[in-house]
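Engineer: Predicted structure and sequence below. I'll ask about it afterward.
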Amino acid sequence: MADLLQVRHLSIEYAAARGVVRAVDDVTFSIGKGEIFGLAGESGCGKSTTAFGVSRLLRHPARIAGGSVQLDGTELTTLSNEEFDRLRWSKISIVLQSAMNNLNPVLKICDQLTDAILAHEPHAGKEVRQRAEQLMRLVDLPVDRLDSYPHELSGGMRQRVVIAMALALQPSLVIMDEPTTALDVVVQNGIIRKIMELQKKFGFSILFITHDLPLMLEMCDRIGIMYAGKLVEVTSREQILQKPRHPYTQGLLNSFPSLSGPKQRLSGIPGHTPDLIRPPAGCRFCPRCSQALALCETQQPMLMQDEKGQIACHLYSEEGLSREQASAACE
Ligand SMILES: Nc1ncnc2c1ncn2[C@@H]1O[C@H](COP(=O)(O)OP(=O)(O)OP(=O)(O)O)[C@@H](O)[C@H]1O
């Protein structure tokens, strides 16, 4: 699968009163054309900051401290705001959890949809209303709701409008950060089914962020697991379901009830995430890891590629294994 998005060694910092928070640290991943890629990890691990970095939504005190983000070969981090505005909605769009509350309360839905289209296609003219009607049908909303104001729609309907807006110009990448979290489960299911249907129909790629790991495992082709600003494992849904490798991925999976199979006690992960202003010198997960080697305390594992995906863990590195064997031989 050809890559659509390439994120390379991306680092993002927040200048906080206590010091510099490196919320995203040397993160590298790619998303193929038509692929659904998920980012998972505990609260505060840097998922949203990564998504904001890719979609150029970072605001002071955040800044990109290094790395590159390429969309279809175009470097996004160095584009001027005007240049990026031309790509927003037409190549890359974003659906946030709070987006349904950010619709302009004094504009009818029709005006919000047509404004989005006209901003990129000023000559769309009369057909723009028809395009808005098509978009409403696309997300299963009654066309007469075009003449409603946002407060006249339910939360689920407003989020469908936001999804329609995100798809209005047929972007190649849609970033979805907790797109259904604020909605009840039934409405949530309907919207997720709709997103999947539209993704199949139009073939856009998705960067999907959610705390709902079972949902992510259902939706995504590949998943990146983040811990304390670092990517620790990137692999296929099948690999994660069958044999998660990183101890953190294993812990994360054990924190959620299984979708199938017998009921099991959830074990969770003891301890808490480190302070990102002063992260541990070695592996950031080491203080919470039941499988840690001596090396893990002092040396940060690199993200390595192998046939199963990418993993940053000394349990899978040659150096980690050889030291382990050497110390076992001494005992
Ligand atoms: N404005 C800010 N100033 C300082 N630190 C910030 C700021 N915004 C976020 N952070 C820190 O950056 C880190 C990453 O936050 P981010 O919101 O990206 O994580 P997340 O994984 O998306 O979390 P959640 O799942 O809760 O949304 C956290 O440690 C957070 O405290």
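Structural biologist: Yep, that arrived. The structure presented is a predicted model; accordingly, all values stated were derived computationally and were not measured.

Engineer: Quick check, G66 in contact with E13.
Structural biologist: No - counting by C-beta atoms under 8 Å, G66 stays clear of E13, with 9.3 Å between them. (Glycine included, C-beta is placed from N, CA and C.)

Engineer: The two - which one has more neighbours?
Structural biologist: More crowded of G66 and E13, by other C-beta atoms under 10 Å: E13, with 22 against 14.

Engineer: Regarding the more buried one, what is its secondary structure?
Structural biologist: When classified by DSSP: H, G, I helix; E, B strand; the rest coil, E13 comes out as strand.

Engineer: Tell me the residues of the stretch 151-300 of the chain that contact the ligand?
Structural biologist: H211, L276 (C-beta under 6 Å from any ligand atom).

Engineer: Where do the helices of the stretch 151-300 of the chain begin and end?
Structural biologist: 155-167, 185-202, 213-219, 237-242, 247-253, 294-298 (DSSP state H, counting those that start in this stretch).

Engineer: Can you tell me which helices and strands the fourth one packs against?
Structural biologist: Packed against helix 237-242, as judged by 3 or more C-beta pairs under 8 Å, 6 or more residues apart in numbering; DSSP states H and E, are the following elements: helix 213-219, strand 222-227.

Engineer: Now do the buried residues in the shortest one.
Structural biologist: Meaning strand 222-227. Using 16 or more other C-beta atoms under 10 Å as the test for burial, strand 222-227 gives R222, I223, G224, I225, M226, Y227.

Engineer: partners of that strand, with directions?
Structural biologist: Using DSSP bridges, strand 222-227 pairs in its sheet with strand 36-40 (parallel), strand 230-236 (antiparallel).

Engineer: Mind exporting the C-alpha coordinates of the longest one to CSV?
Structural biologist: Extracted in CSV, the C-alpha atoms of strand 230-236 (Å, rounded to 0.1, in the frame of the first residue of the first chain):
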residue,chain,number,x,y,z
LYS,A,230,6.7,7.8,22.5
LEU,A,231,5.4,5.3,20.0
VAL,A,232,6.2,1.9,21.5
GLU,A,233,4.6,-0.4,19.0
VAL,A,234,3.0,-0.1,15.6
THR,A,235,1.4,-3.2,14.1
SER,A,236,-1.6,-4.7,12.4
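
Engineer: So which residue is smack in the middle of this protein?
Structural biologist: The residue lying closest to the centre of the chain (C-alpha atoms, centre = their mean) is I209, at 3.6 Å.

Engineer: and the gap between the residue in the stretch 151-300 of the chain positioned nearest to the ligand and L213?
Structural biologist: Residue nearest to the ligand within the stretch 151-300 of the chain (C-beta to the nearest ligand atom): L276, separated by 4.9 Å. For L276, the distance to L213 equals 22 Å [C-beta to C-beta, to the nearest Å].

Engineer: Give me the residues contacting stretch 234-246.
Structural biologist: 29, 217, 220-225, 232-233, 249-250, 252-253, 285, 303, 308-313, 315-316 (C-beta atoms under 8 Å, 6 or more residues apart in numbering).

Engineer: tell me the mean pLDDT over that stretch?
Structural biologist: The pLDDT scores in stretch 234-246 average 95.
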